[in-house]
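Next one to model:
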Amino acid sequence: MLSSNALPGLSGHRALVPGGTGAVGEGVVRGYLAAGADVVVPTRTRARVEEFRAVLGEAATGRLHLVVHDYTTFTGAEQLAEEMERRLGGIDDVVAPIGGWWAGKRLWKIDEADRQSAFVDLTTAHLAVVRACLPRLNARGASTLIVGDSAFTSIPGSGLVSMKQAALLMMQQVIAAELDGEQRAFDLVLGPVRTRLVDSGDPAQVTAGQVGTVAVAASAAAAVSGRQIRLRNHAEADEALALLQAARLKGPDAEAVRGF
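Residues are numbered from 1 along each chain as shown. Next comes the predicted model:
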């Protein structure tokens, strides 16, 4: 397996990770910090700031910027992007592991509150972040969406999540088509993930740390215009990391690397 130590440094990169205080987001934040990037992580409460800093421990260096801010609306996301520009001078990468799992009622039994919280609010938050940040990204910066494999797999009782994930994947595909290679858009599609909160002990499952390492590799492989990368298990994560590293080393001819 290739490790994060094999990745180039991202010193000077400025990464925004909305949803970074979540279990998968933690792996992303750790990955960018380990690579030397400045990492901005918004959260809604001061208590959550202190809690997440304690979770990260020694990884919470001076390059971690935890801010109390609601980014889930168009106005809120715009204000966050403006503040990041003022404080850090720009945005290089946005990685969005926004949202979590929802399970419960069959689709014909959901109510308005279910639909609003598990579908409308979360899709709006993703779109708000893209709308605010994509025009501000540096030319070879990357916008990376993180979703679950439920976008393709129907699971009884989790229809709202599947609908949300499918909608977000299409959003990212439209963005990629509209960018037409001018900027980079990735989507990482996850299977079950081993995190500090949920760990099945199954070595075949991808870890939050691997998700972060692949996201960092995508940022570093500047010649790769963007792709959908499936990380449904440990083996797929290793393969994706190897391909991204090979693409980075190949330079301008990266698109010729097998798999990309």
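
Regarding Pro156, what is its secondary structure?
coil (DSSP: H, G, I helix; E, B strand; the rest coil).

What separation is there between it and Val120?
Separation of Pro156 from Val120 (Cβ to Cβ, to the nearest Å) stands at 22 Å. For every residue, glycine as well, the C-beta is placed using N, CA and C.

More neighbours: these two, which one.
Per other Cβ atoms under 10 Å, whichever of Pro156 and Val120 has more neighbours is Val120, with 13 against 8.

So the more buried one belongs to a helix, correct?
Yes - assignment of Val120 by three-state DSSP places it within a helix.

Check what contacts the host helix or strand of Ala77 and list those residues.
Here Ala77, judged by DSSP states H and E, is contained in helix 74-88. Outside of helix 74-88, the residues within contact range by Cβ atoms under 8 Å, 6 or more residues apart in numbering are 14, 16, 18, 38, 40, 42, 65, 67, 69-71, 90-91, 125, 128-129, 131-133, 136.

which regions of the stretch 151-260 of the chain sit below the pLDDT cut-off?
Applying pLDDT under 70 to the stretch 151-260 of the chain flags the ranges 251-260.

now the helices for the stretch 101-250 of the chain?
Ranges of helices within the stretch 101-250 of the chain are 112-115, 121-133, 159-179, 208-220, 234-250, based on DSSP state H, counting those that start in this stretch.

Which secondary structure elements does the longest one sit against?
Going back to what we said before, that points to helix 159-179. helix 121-133, strand 137-148, strand 184-190 (3 or more Cβ pairs under 8 Å, 6 or more residues apart in numbering; DSSP states H and E).

Least reliable of those by average pLDDT, please.
Per-stretch mean pLDDT for the helices and strands packed on helix 159-179 is lowest at strand 137-148 (a mean of 92).

Just the buried positions in that strand, please.
137, 141-148 (16 or more other Cβ atoms under 10 Å).

next one: stretch 231-238
231-234, 236-238.

any residues touching that stretch, and which ones?
Taking Cβ under 8 Å, 6+ apart as the rule, stretch 231-238 contacts 1-2, 149, 188-191, 203-207, 210-211, 213-214, 230, 240.
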